[in-house]
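Chemist: sequence? don't have it. structure:
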């Protein structure tokens, strides 16, 4: 009987801490789930606001945007456009003023989100770099206006090209020193937006 009592005592000494640990794990898991549920909607809301602000920044003439559906039909005609993930028509006074493109391209550090505005004349009206993993101090320089402003204010008459020298024409984009891969990634994204815009504008007609 003494042996049985010792066994029971040992079992209690093992089971009790295990139960306590199990309860603690349940509480922690529940707390994490609750925190995630609370913050998920706020994070999504913040991302939606940031995306809307980016659209307004690159196509300032528009006062509202409507998403263009079925962009796959344009991508199927040119697989190089598969980096275009979302397209929005910019509207002012119930009239289309251009398009905004969300393009996800591969930079040096991974995926890079590029928002591009193009008006009804085919002119690039703005380029904004969003989420990216480019190297701070080097690749991140492509997010600065000194680089992105090279794309704005003209309708390309030939493909955009990255150069490592002083640009000789508007379609040439001066690469950031020591960040050529990042520079080319952004240029590829803008070119994809230009190419898809050309199809959309041809289909819908250009502004007079």
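Modeler: Received, thanks. As the structure is a computational prediction, the values presented were derived from the model and not from experiment.
Chemist: The protein: strands as residue ranges?
Modeler: 64-67, 84-92, 95-106, 111-119, 124-129, 161-163, 172-174 (DSSP state E).
Chemist: now what about the last one, what contacts it?
Modeler: Okay, so that is strand 172-174. 147, 150-151, 160-167, 183, 187 (CB atoms under 8 Å, 6 or more residues apart in numbering). Backbone N, C-alpha and C define where each C-beta goes, glycine included.
Chemist: can I get these in CSV with pLDDT?
Modeler: Below are those laid out as CSV (pLDDT from 0 to 100):
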residue, pLDDT
147, 95
150, 97
151, 96
160, 97
161, 96
162, 96
163, 95
164, 92
165, 92
166, 91
167, 91
183, 95
187, 97
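Chemist: Would you tell me which of the strands of the chain gets closest to residue 74?
Modeler: strand 84-92 (7.9 Å; CB to CB).
Chemist: Which elements pack onto that closest one?
Modeler: Counting contacts by 3 or more CB pairs under 8 Å, 6 or more residues apart in numbering; DSSP states H and E, strand 84-92 packs against strand 64-67, strand 95-106, helix 180-204.
Chemist: Let's have the ones you listed in TSV, adding distance to residue 80 and mean neighbour count.
Modeler: Shown next, in TSV, are those (distance: least, CB to CB, whole Å; neighbours: other CB atoms under 10 Å):
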stretch	distance to residue 80	mean neighbour count
strand 64-67	22	13
strand 95-106	11	22
helix 180-204	7	21
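Chemist: what's the closest of the ones you listed to residue 142?
Modeler: helix 180-204 (4.6 Å).
Chemist: Taking strand 84-92 as reference, get the angle to the closest one.
Modeler: 50 degrees (axes from the mean of the first three to the mean of the last three CA atoms, to 10 degrees).
Chemist: Thanks a lot, see you next time.
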